[in-house]
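# Quick one: sequence and predicted model below, then my questions.
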Amino acid sequence: MSGARVLVGTRKGAFILTSDGKRDRWHVAGPHFAGWEIYHMKGSPASPNRLYASQTSGWFGQQIQRSDDGGKTWEPVGNQFTYAGATGTHQWYDGTQHPWEFKRVWHLEPSLTDPDTVYAGVEDAALFRSADGGKTWEELPGLRGHGSGPNWMPGAGGMCLHTILLDPSDPKRMYIAISAAGVFRSDDGAKTWRPANRGLRSEQMPNPTGEVGHCVHRIALHPSKPRTLFMQKHWDVMRSDDAAESWHEVSGNLPTDFGFVIDVHAHEPQTVYVIPIKSDSEHFPLDGKLQVYRSRTGGNEWEALTKGLPQKDCYVNVLRDAMAVDSLDACGLYFGTTGGQVYASADAGDTWTPIVRDLPAVLSVEVQTLT
Amino acid sequence: MIRVVLPHHLRTLAKTEREVALDVRGPVTQRSVLDALEARYPVLRGTIRDHITQTRRPLVRFFACERDLSLEAPDAPLPDAVAAGAEPFLIVGAIAGG
């Protein structure tokens, strides 16, 4: 029987929400790791009951937890993230150079084919890989070794590597995104990297079209068209049709092109979703109305989706890793808010229902389609 | 036996009780107590002190016998009452809200 399993990371623990394919009745399990920040959880595409979770604390540091039964039980695996070679420096908020310091794992991306291989995007920005199910981790040093590191800088949330995309058509190709450095692409299995930010323009930078320094909030692709990428930048919604060689703006008629999340419909590669957020200083929905915007044309032409979402007095945020899509016949969408609500749509965004309303602030949402 | 009191989150991580008893050989110091603790509970490696430098994590404190021992040298002897098992060695998360 088909169904969906939604993995929710919050400021105070992890929650697992499950439903059958109708997605109208949900079972809520958790909190797991109560009181710890769970930045991200994700399941292995190759073995869906293998889950990884990033459990972190300002007091006690980083843990990686692993489950082999779909999240019923967990085992702490590895927690040592040591930068390779010389640590180096990056740009600090005031423009001075600041040493790289490991703080936490923002994002875990399991391999598409091997359940024991998983990538970790960390703060301060670097890419790590484990090939033994999360027990040991090694930095893939080619990214920081690109040479532009001294020009990377932290965004308001820290200098985080928050997005890792694996190209399903080319096992050697990967994309990552860093706030605030931008997008990087590797074509040789993460050995070497190059910036992929041509076409981005960020007025907050001394050189608005610089090679690095852009505050990219999120990138997404559809598995059937992996050369087409979509980006929610600090400002601007962007699109690339050449595997991130160049980008062009597709903000179109959005009421604001600031936001964090962006995702692509599971069955329609030209259908894209964003959640516009007011300005870069207020960080809540426009006019207190929580609205998902959908484009069926790959950008530029956007429609507001509001049915079931609060249309007054709503001042939550939706963070960059807090939206996901399932691949059931009618594509399901999910997103979580800093107010602790997880909203679901079982009809590609036409209507929405809260699965839960009162969780701790949601940091991340992933979904697994169960068959 | 040396008595060590763990903060809540490390208890849940190590799946143990609030207070653990450790057999420490040789001088009873912060280092020898933490070595014994991490040997018993490997999951605690890196949570109290850095994996590489072995320095105390910034928001972790060490108390015993109504004294703050956080800034004592790792190899300084702990109070006799701790070494005798009369008083516990407390590992504390620095107090903050949230």
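Everything's here; your move.
# Look up the closest residue to the residue most central in space within chain A, ignoring the ones flanking it.
The centroid of chain A falls nearest to residue A:321 when counting by C-alpha atoms, centre = their mean (3.3 Å). In this structure, residue A:321 finds its nearest non-sequential neighbour in residue A:364, 4.0 Å apart by C-beta to C-beta, 6 or more residues apart in numbering or on different chains. For the C-beta atoms, the positions are set from N, CA and C on the backbone; glycine is no exception.
# ok, that neighbour - how many residues close by?
Neighbour count for residue A:364, taken as other C-beta atoms under 10 Å in any protein chain shown: 27.
# Can you name the helix or strand that it falls in?
Under the criterion of DSSP states H and E, residue A:364 resides in strand A:362-370.
# What of residue A:217?
Assigned by DSSP H and E, residue A:217 belongs to strand A:216-222.
# Next SSE downstream of that strand?
strand A:225-233.
# Report all helices and strands that the helix ranked longest in chain B contacts.
In chain B, with assignment by DSSP state H, the single longest helix is helix B:30-40. Secondary-structure packing of helix B:30-40 (3 or more C-beta pairs under 8 Å, 6 or more residues apart in numbering or on different chains; DSSP states H and E): strand B:2-5, strand B:19-22.
# Just put those strands in JSON lines and tack on mean neighbour count, distance to chain A and mean pLDDT.
Output for these, formatted as JSON lines (neighbours: other C-beta atoms under 10 Å in any protein chain shown; distance: least, C-beta to the nearest C-beta, whole Å; pLDDT from 0 to 100):
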{"stretch": "strand B:2-5", "mean neighbour count": "19", "distance to chain A": "15", "mean pLDDT": "98"}
{"stretch": "strand B:19-22", "mean neighbour count": "16", "distance to chain A": "16", "mean pLDDT": "98"}
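# Same list (the ones you listed) but as CSV, adding distance to residue A:216.
What follows is these, written out as CSV (distance: least, C-beta to C-beta, whole Å):
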stretch, distance to residue A:216
strand B:2-5, 45
strand B:19-22, 46
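# Figure out which of these is closest to residue A:308.
strand B:2-5 (48.7 Å; C-beta to C-beta).
# what does that closest one contact?
B:18-24, B:28, B:33, B:36-37, B:82-83, B:85, B:87-91 (C-beta atoms under 8 Å, 6 or more residues apart in numbering or on different chains).
# ok, now stretch A:343-356?
Contacts for stretch A:343-356 (C-beta under 8 Å, 6+ apart): A:6, A:15, A:17, A:22-24, A:26, A:28, A:265, A:271, A:273, A:292, A:294, A:305, A:307-309, A:328, A:330-337, A:340-342.
# which residues of the chain score low on pLDDT?
Since no chain was named, I'll use chain A. A:1 (pLDDT under 70).
# try again with chain B
B:96-98.
# Show me what from it comes close to chain A.
Chain B comes close to chain A at residues B:7-10, B:12-13, B:43, B:45-48, B:51-52, B:57, B:59-60, B:93-94, as judged by C-beta under 8 Å from any C-beta of the partner chain.
# Go again with 6 Å.
B:9, B:43, B:46, B:47, B:51, B:59, B:93 (C-beta under 6 Å from any C-beta of the partner chain).
# if I've got this straight, the first one is in a helix?
Yes: the secondary structure assignment for residue B:9 places it in a helix, going by DSSP: H, G, I helix; E, B strand; the rest coil.
# Neighbours of it, how many?
Close neighbours of residue B:9, defined as other C-beta under 10 Å, add up to 19.
# next one: the third one
When counting by other C-beta under 10 Å, one arrives at 20 neighbours for residue B:46.
# can you check the second one too?
In terms of burial, residue B:43 registers 17 neighbours under the definition other C-beta under 10 Å.
# Secondary structure class of it, three-state.
Assignment for residue B:43 (three-state DSSP): helix.
# That one and residue B:10, how far apart?
Remark: distance between residue B:43 and residue B:10 (C-beta to C-beta, to the nearest Å) = 9 Å.
# which one is residue B:56 nearest to, not counting chain neighbours?
Distances taken as C-beta to C-beta, 6+ apart put residue B:49 closest to residue B:56, at 5.3 Å, once the chain neighbours are dropped.
# Can you get me a residue count around that neighbour?
Residue B:49 - counted by other C-beta under 10 Å - has 20 other residues nearby.
# on that earlier part again, okay, now the sheet partners of the strand holding residue A:217, with direction.
strand A:225-233 (antiparallel) (DSSP bridges).
# helix or strand right after the strand it pairs with?
Next in line after strand A:225-233, if elements are assigned by DSSP H and E, sits strand A:237-240.
# Name the residues that touch the following helix or strand past that next one?
Proceeding N to C from strand A:237-240, the next assigned helix or strand is strand A:248-249, under DSSP H and E. Strand A:248-249 is contacted from outside by A:199, A:236, A:238, A:239, using C-beta atoms under 6 Å, 6 or more residues apart in numbering or on different chains.
# Wait, the residue nearest to residue B:56 touches residue B:58, no?
No: shown here, residue B:49 and residue B:58 do not form a contact pair, counting by C-beta atoms under 6 Å, at 10.7 Å.
# returning to what we had before: list buried residues within the contacts of strand B:2-5.
Listed as buried from the contacts of strand B:2-5 are B:20, B:22, B:24, B:28, B:33, B:36-37, B:82-83, B:87-91; burial here means 16 or more other C-beta atoms under 10 Å in any protein chain shown.
# With distance to residue A:101 added, can I get these in JSON lines?
Formatted as JSON lines, those follow (distance: C-beta to C-beta, whole Å):
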{"residue": "B:20", "distance to residue A:101": "30"}
{"residue": "B:22", "distance to residue A:101": "31"}
{"residue": "B:24", "distance to residue A:101": "32"}
{"residue": "B:28", "distance to residue A:101": "32"}
{"residue": "B:33", "distance to residue A:101": "27"}
{"residue": "B:36", "distance to residue A:101": "29"}
{"residue": "B:37", "distance to residue A:101": "25"}
{"residue": "B:82", "distance to residue A:101": "32"}
{"residue": "B:83", "distance to residue A:101": "35"}
{"residue": "B:87", "distance to residue A:101": "35"}
{"residue": "B:88", "distance to residue A:101": "32"}
{"residue": "B:89", "distance to residue A:101": "28"}
{"residue": "B:90", "distance to residue A:101": "27"}
{"residue": "B:91", "distance to residue A:101": "23"}
